[in-house]
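*Asks:* Sequence first, then the predicted structure:
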Amino acid sequence: SSTLEQTETATSTLPIVEIPPPPAIVINEIAWAGTASKKSDDEWIELYSNATSTIDLTGWKILVDVNKEIKLSGAIPVGGYYLLERTKDNTVTDITADNIFTLAGGLNNNGARLRVVNSVGDVVDEVDASVGWFAGDKIKYRSMARRSTTVSGNDPNNWFSSQGLPAKGKADGGGVIYGSPKFSNYGYWLLKSPTFYYSDLLSADKVLTLTKANSPYVIDYSTQIPAGYTLKVESGVVLFGIDRVSYFSVAGNLVVDGVADAPIIFTSALDTNYVQTNLTSLTGSAGPGDWSRIQVEPGGNFTGSFVKFLYGGQKLKRNPGATLPPHLYSNIIHNYGGSVSLDNAEFSSSYFDSSADNEQYSALVYVEAPNGFNASTTVNNSNFNGGWRAIKTFRQGNGQKITTNLTGNTFQNFQNPDQLIKSTRDFVNQSEGVFNNNASDNINVDSWTMAQNYTLDAKTQYLFNFISVPADITLTIDPGVKIKLAKWGAI
């Protein structure tokens, strides 16, 4: 018979290692070089709280090197920031300092050792950069920013040079700051003249990429993409306006490449679904018109996929002439002689103006062809949800051409009683559309002279003002096509 041998394995007891909690208060950012060449004394320091409750800073201090100290006061809340500005409270304008310090000689540009000491004399956090600062510079005066508040401040790899301009916080005199005073060291870059202020991040072929790691980004009053440059936006990125008039001006290329499970979001600063910190002057809840538009300039290009446009459309004022009243345009995309191509886009919660004076300029997508420039717009598989009019194209009889191609889109909840889409002098190629709960489903075409053969889509409802079919051109009207003619209208 066989013998069954039983082996008993001894279980060893592993020691339990307790991981110490992170420091309650850490040094999170140091602008050791000041804010500009003539503002080298305008140094600032930011603290961050890892604590689980508000900390009274009475009796706390920051020791600088051996014999200098900065006394702290006040309190710092859970997950909060504490800003120290040297000599005056406008070192960082439009952000109130928590502490004004006067440090004889300031922070040494060659390095320093900083220690946070609590009220009983314990060193809570230390940044020993006495042999040289770990990051930051005195060329663009970038701050030295901490990567992780739970990793040692003495680790040089735990620091980086700030790359972004803050949405809130400027240098004394109005200059820019590279840093993030009193908010996260990640994200919230202001897209102010991005090809200039972020020129060192441009690729060799003049492409600036907005990464998800630094999302969200803040659209400036006018974020310009010059001709010859490309702004590329990675999937999952969120962008919001610093003000209700914020917009993109695209003379170069704007490439917005989202994916189904990580779309790109253009939204309001007050949209708490996507924006955790409001660094703007906007207050209240997110609403239509919290940012303005994407304006594609003559020759510019805008391509996008899996992108959401939320709460946009704030009015743009344009003056047609000295003796005429201004026109107020309410658009999400204004294509002024450029090229727009969108796939799987969503337009929702948009501002519109239905007043008698301005309704003709109100459309989610507005297309014009100025002298010398044609305009093309292609939108596929997208959802146009709500507004006065979905699309309007208009050009003078200037020999230019507007090409509009729409396939597989859904149009719903529009309020214009006469038309959903309006086109003057050019046709709108629409197919496979879905129309729900609109005051009118009409595609209104005015003053169109056909230049090639065309077959009308059986699922589309047309309203024609005047259509000219020249000799040797064929207009085919299939069974089921619905056509309305306006008063005095004719084919």
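*Replies:* Perfect, I can see it now.

*Asks:* contacts and neighbour counts: CA atoms only from here.
*Replies:* Fine.

*Asks:* what about Gly489, how many residues close to it?
*Replies:* Gly489 sits with 14 neighbouring residues when counted by other C-alpha atoms under 10 Å.

*Asks:* If we ignore the residues flanking it in sequence, what's nearest it?
*Replies:* Asn465 (4.4 Å; C-alpha to C-alpha, 6 or more residues apart in numbering).

*Asks:* Lys487 versus the one you found, what's the distance?
*Replies:* In this structure, Asn465 and Lys487 are 8 Å apart, going by C-alpha to C-alpha, to the nearest Å.

*Asks:* OK, contacts around the residue nearest to Gly489?
*Replies:* For Asn465, the contacting residues are 444-447, 485-490, taking C-alpha atoms under 8 Å, 6 or more residues apart in numbering as the criterion.

*Asks:* swap in Tyr274?
*Replies:* Counted by C-alpha under 8 Å, 6+ apart, Tyr274 has contacts Val238.

*Asks:* Make CSV from the contacts of Asn465 and add pLDDT to it.
*Replies:* Conversion of the contacts of Asn465 to CSV gives the following (pLDDT from 0 to 100):
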residue, pLDDT
Asn444, 95
Val445, 93
Asp446, 91
Ser447, 88
Leu485, 93
Ala486, 90
Lys487, 89
Trp488, 88
Gly489, 89
Ala490, 91
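
*Asks:* what's the distance between stretch 386-394 and the middle of its chain?
*Replies:* 24 Å (C-alpha atoms, centre = their mean, to the nearest Å).

*Asks:* same thing with stretch 304-323?
*Replies:* In this view, stretch 304-323 has its centroid 15 Å away from the chain centroid, taken as C-alpha atoms, centre = their mean.

*Asks:* how far does it stretch from start to finish?
*Replies:* 39 Å.

*Asks:* for stretch 300-319, same thing?
*Replies:* With C-alpha to C-alpha as the measure, the ends of stretch 300-319 fall 22 Å from one another.

*Asks:* With stretch 222-242 instead?
*Replies:* With C-alpha to C-alpha as the measure, stretch 222-242 spans 10 Å from end to end.

*Asks:* list the buried ones in it?
*Replies:* Residues of stretch 222-242 classed as buried by neighbour count (16 or more other C-alpha atoms under 10 Å): 222-226, 229-242.

*Asks:* Count the neighbours of Lys68 for me.
*Replies:* If you count neighbours by other C-alpha under 10 Å, Lys68 ends up with 12.

*Asks:* so what's it closest to, chain neighbours aside?
*Replies:* Nearest in space to Lys68, with sequence neighbours left out and distances taken as C-alpha to C-alpha, 6+ apart, is Leu103 at 7.3 Å.

*Asks:* Dihedrals phi and psi, the one you found?
*Replies:* Dihedral pair for Leu103: phi -110, psi 110, per degrees, to the nearest 10.

*Asks:* quick one: it and Tyr198, what's the gap?
*Replies:* The spacing between Leu103 and Tyr198, counted by C-alpha to C-alpha, is 32 Å.

*Asks:* now do Leu231
*Replies:* Shown here: Leu231 relative to Tyr198, a distance of 11 Å by C-alpha to C-alpha.

*Asks:* if I look at these two, which residues touch both of them?
*Replies:* Counting by C-alpha under 8 Å, 6+ apart, the contacts common to Leu231 and Tyr198 are Leu208.

*Asks:* Which neighbours in the sheet does the helix or strand bottoming out on mean pLDDT in the chain have, and how are they oriented?
*Replies:* Across the helices and strands of the chain, mean pLDDT, DSSP states H and E gives its lowest value to strand 316-318, namely a mean of 88. The strands that strand 316-318 pairs with in its sheet are strand 327-329 (antiparallel) (by DSSP bridges).

*Asks:* Any chance you could list what contacts the partner strand?
*Replies:* The contact list for strand 327-329, computed with C-alpha under 8 Å, 6+ apart, reads 315-320, 357-358, 361-362.

*Asks:* A PyMOL selection for those residues, restricted to the buried ones, would help me check which they are.
*Replies:* A single PyMOL command suffices to select whichever of those are buried according to 16+ other C-alpha under 10 Å:
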select buried, resi 315+316+358+361+362
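
*Asks:* Give me the lowest-pLDDT entry from the contacts of strand 327-329.
*Replies:* Within the contacts of strand 327-329, the minimum per-residue pLDDT falls on Pro320 (72).

*Asks:* which ones are touching that one?
*Replies:* If you count contacts by C-alpha under 8 Å, 6+ apart, Pro320 has them with 326-327.

*Asks:* Name the helix or strand for it, please.
*Replies:* Pro320 is part of no helix or strand when elements are defined by DSSP states H and E.

*Asks:* do the same with Ile27
*Replies:* Since the elements are taken from DSSP H and E, Ile27 ends up inside strand 25-31.

*Asks:* what does whichever helix or strand comes after that strand contact?
*Replies:* In the C-terminal direction, the helix or strand that comes right after strand 25-31 (DSSP H and E) is strand 44-49. By C-alpha under 8 Å, 6+ apart, the residues outside strand 44-49 that reach it are 24-32, 34, 76-86, 91-92, 149, 181-182.

*Asks:* Show me which of the residues you listed are buried.
*Replies:* By neighbour count, with 16+ other C-alpha under 10 Å, the contacts of strand 44-49 hold 24-32, 34, 76-78, 80-86, 91-92, 149, 181-182 as buried.

*Asks:* can you give me the helices in the stretch 101-250 of the chain?
*Replies:* For the stretch 101-250 of the chain, the helices identified by DSSP state H, counting those that start in this stretch occupy 194-197, in order along the chain.

*Asks:* for stretch 40-57, the distance to its chain's centre please.
*Replies:* Distance of stretch 40-57 from its chain centroid, counting by C-alpha atoms, centre = their mean, is 28 Å.
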